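Colleague: Sequence first, predicted model second:
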Amino acid sequence: MTGREKKFCSLFLGSGNSELAAEKAGYTGDCEQKGEELICRPEISAELERLSRLREKSLANMAAAGYQRLAFGSICDAISLLYKSDPSKEDLEGMDLFLVSEIKRPKDGSMEIKFFDRLKALEKLGTGGEHETGAKQLFDAISNSARAVNDKENGN
């Protein structure tokens with residue numbers, strides 16, 4: 001497979017448009033027809049499947065990393081934001097607010113910060129890749145601990 005064909009595959013996978021992918025990969029003439037011809041070739045089709053599997057695995061890893069940040073990340077920057085009356089752009093750019101799902105400033109001038117649900121993130125980790133990360137066992141342990149603490153507080 002040529003470099004141009006590999007470039008076509010990558011561009012097609014990103015856009016889903018065979019004509020645009022053929023044009024950007026450097027093909028001339030009727031790019032619509034050329035693009036259709038390319039995706040019908042067995043070696044191009046195989047390369048598209050290979051790249052698609054890699055992309056899927058990469059996206060799954062990125063999602064798992066995001067859920068890990070939600071489950072275990074620090075809220076320190078969000079709390080410090082609560083105590084700043086008028087944060088500058090530089091202040092905000094330097095903060096890690098990944099865990100924040102919503103920020104509101106009601107008319108009374110106060111600030112409300114809502115966070116993503118850590119337990120839901122743990123659940124997603126547990127169902128999304130337990131064979132790779134062991135996250136289900138971790139989620140079960142945390143869940144059982146939380147249940148035990150709750151039972152103890154309620155006198156059960």
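Modeller: Nice, I can see it. Residues are numbered from 1 along each chain as shown.

Colleague: Against Arg41, how distant is the residue nearest to the spatial centre of the chain?
Modeller: Centroid-nearest residue in the chain: Ala63, 3.9 Å away (criterion: C-alpha atoms, centre = their mean). The gap separating Ala63 from Arg41 is 32 Å, by C-beta to C-beta, to the nearest Å. Quick note: C-beta positions are derived from backbone N, CA and C, even for glycine.

Colleague: just the helices in this structure please.
Modeller: 3-15, 18-24, 31-40, 42-72, 76-82, 89-93, 118-128, 130-133, 135-153 (DSSP state H).

Colleague: Need the winner for burial among these.
Modeller: Mean neighbours per residue, mean count of other C-beta atoms under 10 Å, is largest over the helices of the chain for helix 18-24, with a mean of 20.

Colleague: What distance do you get for the closest residue to Lys104 other than its chain neighbours to Phe98?
Modeller: Spatial nearest neighbour of Lys104, excluding adjacent residues (C-beta to C-beta, 6 or more residues apart in numbering): Glu112 at 4.3 Å. In this structure, Glu112 and Phe98 are 18 Å apart, going by C-beta to C-beta.

Colleague: Same drill for the two, tell me which one is more crowded.
Modeller: Ranked by neighbour count (other C-beta atoms under 10 Å), Glu112 and Phe98 place Phe98 first, with 14 against 10.

Colleague: which residues touch that one?
Modeller: 69-70, 73 (C-beta atoms under 8 Å, 6 or more residues apart in numbering).

Colleague: For those residues, give me TSV that also has distance to Glu5 and pLDDT.
Modeller: Converted to TSV, the contacts of Phe98 look like this (distance: C-beta to C-beta, whole Å; pLDDT from 0 to 100):
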residue	distance to Glu5	pLDDT
Arg69	38	94
Leu70	40	94
Gly73	42	93
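
Colleague: From the residues you listed, pick the one nearest Ala121.
Modeller: Using C-beta to C-beta, Leu70 comes nearest to Ala121 of these, at 3.8 Å.

Colleague: Please verify my assumption that the closest one contacts Leu99.
Modeller: Yes. Leu70 lies in contact with Leu99 (C-beta atoms under 8 Å); the separation is 6.1 Å.

Colleague: Can you pull the residues that touch both of these two?
Modeller: Listed contacts common to Leu70 and Leu99 are Phe116; contacts here mean C-beta under 8 Å, 6+ apart.

Colleague: got the CA coordinates for stretch 113-127 in PDB?
Modeller: Extracted in PDB, the C-alpha atoms of stretch 113-127 (Å, rounded to 0.1, in the frame of the first residue of the first chain):
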ATOM      1  CA  ILE A 113     -20.300  24.500  41.500                       C
ATOM      2  CA  LYS A 114     -21.600  21.100  40.600                       C
ATOM      3  CA  PHE A 115     -19.300  18.100  40.200                       C
ATOM      4  CA  PHE A 116     -19.600  15.000  38.100                       C
ATOM      5  CA  ASP A 117     -20.700  12.000  40.100                       C
ATOM      6  CA  ARG A 118     -17.700  10.000  41.200                       C
ATOM      7  CA  LEU A 119     -19.700   6.800  41.800                       C
ATOM      8  CA  LYS A 120     -21.100   6.900  38.300                       C
ATOM      9  CA  ALA A 121     -17.600   7.300  37.000                       C
ATOM     10  CA  LEU A 122     -16.600   4.200  39.000                       C
ATOM     11  CA  GLU A 123     -19.600   2.300  37.700                       C
ATOM     12  CA  LYS A 124     -18.500   3.100  34.100                       C
ATOM     13  CA  LEU A 125     -15.000   2.000  34.900                       C
ATOM     14  CA  GLY A 126     -16.400  -1.200  36.300                       C
ATOM     15  CA  THR A 127     -18.600  -2.000  33.300                       C
END
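
Colleague: Many thanks, I have nothing further to ask.
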